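A.B. asks: Sequence first, predicted coordinates after that:
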Amino acid sequence: MGLAMKVDTATWEGAVLKAQGLIMVDFWAAWCRPCQTIAPTIEELATEYAGKLTVAKLNTDDNPDVASRYQIMGIPTLMFFRDGKPIEKIVGAASKQQFKEKIDSLLTV
């Protein structure tokens, strides 16, 4: 496994809601082809932005309560949190460049 940390219902509050700084959460499921397609990109982003951005992955099948709390209707959904508060999201598979542009814009705020 790469730098992206796996989170679940039990670790959600401590890993995401109580964390400082910018966090990108990848809401995914094993059966979701687009999720599998972007998985290597998510790991690359975790490596490239190490120290600036925390990357987490949450399996929506295993943790439906967290997914429903944030109205995750389609996956993959990448949701960004700053100091525990949801601030942005990208629904669907996007290019690495699109993800980087969003991350860069959020890091400069």
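C.D. replies: Okay, I see it. What you see is a predicted model; the values in this text were computed from it and never measured.

A.B. asks: contact partners of the longest helix belonging to the chain?
C.D. replies: Ranked by number of residues, the top helix in the chain under DSSP state H is helix 33-48. With contact meaning Cβ atoms under 8 Å, 6 or more residues apart in numbering, helix 33-48 is reached by 2-4, 24, 26, 28-29, 53, 55, 57, 75-76, 78, 92-94, 96, 99-100, 103. Backbone N, C-alpha and C define where each C-beta goes, glycine included.

A.B. asks: Kindly report the same for stretch 55-68.
C.D. replies: 3-9, 12, 15-16, 23-31, 42-43, 45-46, 49, 72, 75.

A.B. asks: which of those residues count as buried?
C.D. replies: 3-5, 7, 12, 15-16, 23-28, 42-43, 45-46, 49, 72, 75 (16 or more other Cβ atoms under 10 Å).

A.B. asks: Now go through those residues and say which are in helices.
C.D. replies: Trp12, Ile42, Glu43, Leu45, Ala46.
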